[in-house]
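K.L.:
Turn this into a structure:
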Amino acid sequence: MMRKALAGQRLVAVFIAGVLLLNFPLLALFDGPSTLFGWPLLHVYLFGVWSALIVLVAWIVERGAR
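P.N.:
Residues are numbered from 1 along each chain as shown. This is a model prediction of the structure:
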């Protein structure tokens, strides 16, 4: 039971981190004319944060299943 509660708390922490990372002040830092390998930096940031959040949630859920 303790493991499920800890996994739930970690999922809430990932959610809060996602809200903060995908909020306006941080997005404004990456919104500009600069590119990375020809891709706009904002798109690279959004895709990177989005994929990192998915990986973190999958890791927490799979670790809690054991």
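K.L.:
just to confirm, which helix or strand has the closest residue to Leu56 other than its chain neighbours in it?
P.N.:
With Cβ to Cβ, 6 or more residues apart in numbering as the criterion, Leu56 has its nearest non-adjacent residue at 5.1 Å, and that residue is Val14. The C-beta positions use only the backbone N, C-alpha and C, and glycine is treated the same way. Here Val14 is covered by helix 2-21, with elements defined by DSSP states H and E.
K.L.:
got the contact list for the residue nearest to Leu56?
P.N.:
Shown in contact with Val14 (Cβ atoms under 8 Å, 6 or more residues apart in numbering): 53, 56-57, 60.
K.L.:
Would you mind putting these into JSON lines with secondary structure alongside?
P.N.:
Shown next, in JSON lines, are the contacts of Val14 (DSSP: H, G, I helix; E, B strand; the rest coil):
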{"residue": "Leu53", "secondary structure": "helix"}
{"residue": "Leu56", "secondary structure": "helix"}
{"residue": "Val57", "secondary structure": "helix"}
{"residue": "Ile60", "secondary structure": "helix"}
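K.L.:
Show the buried residues in these.
P.N.:
Neighbour-count burial within the contacts of Val14 applies to 53, 56, 60; the criterion is 16 or more other Cβ atoms under 10 Å.
K.L.:
what's the closest of those residues to His43?
P.N.:
Leu53 (15.9 Å; Cβ to Cβ).
K.L.:
Any chance of the contacts of Val14 in TSV with distance to Phe37 as columns?
P.N.:
Below are those laid out as TSV (distance: Cβ to Cβ, whole Å):
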residue	distance to Phe37
Leu53	22
Leu56	24
Val57	27
Ile60	30
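K.L.:
Can you tell me which of the residues you listed is closest to Gly8?
P.N.:
Of the contacts of Val14, the one sitting nearest to Gly8 (Cβ to Cβ) turns out to be Ile60, at 9.2 Å.
K.L.:
leaving aside the residues next to it on the chain, what's closest to the most centrally placed residue in the chain?
P.N.:
With distances taken as Cα atoms, centre = their mean, the residue of the chain nearest its centroid is Leu53 (3.1 Å). Spatial nearest neighbour of Leu53, chain neighbours left out: Gly18 (4.9 Å); criterion: Cβ to Cβ, 6+ apart.
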